[in-house]
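In: sequence unknown, structure follows:
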């Protein structure tokens, strides 16, 4: 099993997993440092996102996320660093972190709240097909719901076991 540092402690209900993507509050201690990045790259001299300056605490991690093509940001050129991440976007991030493997989603969705025309249908279906997520007992995935810390821990653990 690979050993990785994916999260550091934060106050409030914020998860630094996946490089502080869903953070709602600042770090618990100002002396905490960001985790070492896999396949680290030198951050861009000029920020890629309009709302992430080079002096942002997680600039290097956000730049890595973009350089690795795990995130593309929003259509307006922003990253929205303090906006919680929803379950559908988390599925897309994990799919891309896995290298965007060849996958053809089923013609009929496994989840009653994720249509085949959903922006991240392929990624959500892939997540279910790999066993990283099985959705809720009521047959939903709840794509527009922010990801909870406990679910993120489960998804990252399962992802690590497979990749």
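Out: Arrived safely. The structure displayed is predicted, hence computed values, not measured ones.

In: Can you tell me the closest non-neighbouring residue to residue 105?
Out: residue 125 (3.8 Å; Cβ to Cβ, 6 or more residues apart in numbering). Where you see a C-beta, it was placed from the backbone N, CA and C, and this is true even at glycine.

In: check contacts around the one you found.
Out: 103, 105-106, 109-110, 114 (Cβ atoms under 8 Å, 6 or more residues apart in numbering).

In: what's the closest of the residues you listed to residue 142?
Out: Using Cβ to Cβ, residue 114 comes nearest to residue 142 of these, at 9.0 Å.

In: I'd guessed that closest one sits against residue 123; true?
Out: No - using Cβ atoms under 8 Å, residue 114 is not in contact with residue 123, being 10.2 Å away.

In: Quick check: neighbours shared by those two?
Out: Between them, residue 114 and residue 123 share these contacting residues under Cβ under 8 Å, 6+ apart: residue 88.

In: number of nearby residues for residue 85?
Out: 20 (other Cβ atoms under 10 Å).

In: same question, residue 127
Out: Residue 127 has 26 nearby residues by other Cβ under 10 Å.

In: now it, what's its secondary structure?
Out: Per DSSP: H, G, I helix; E, B strand; the rest coil, the local secondary structure of residue 127 is helix.

In: now do residue 154
Out: Per three-state DSSP, residue 154 ends up helix.

In: what about it, distance to residue 131?
Out: 11 Å (Cβ to Cβ, to the nearest Å).

In: out of these two, which sits in the more crowded spot?
Out: Neighbours per residue (other Cβ under 10 Å) separate residue 154 from residue 131, with residue 154 holding more: 13 against 10.

In: okay, the more buried one: pLDDT?
Out: Residue 154 carries a pLDDT value of 94.

In: Identify the residues contacting it.
Out: No contacts exist for residue 154 under Cβ under 8 Å, 6+ apart.

In: Please report how far it lies from residue 133.
Out: On the measure of Cβ to Cβ, residue 154 and residue 133 end up 8 Å apart.

In: Check residue 113 too.
Out: Residue 113 sits 13 Å away from residue 133, going by Cβ to Cβ.
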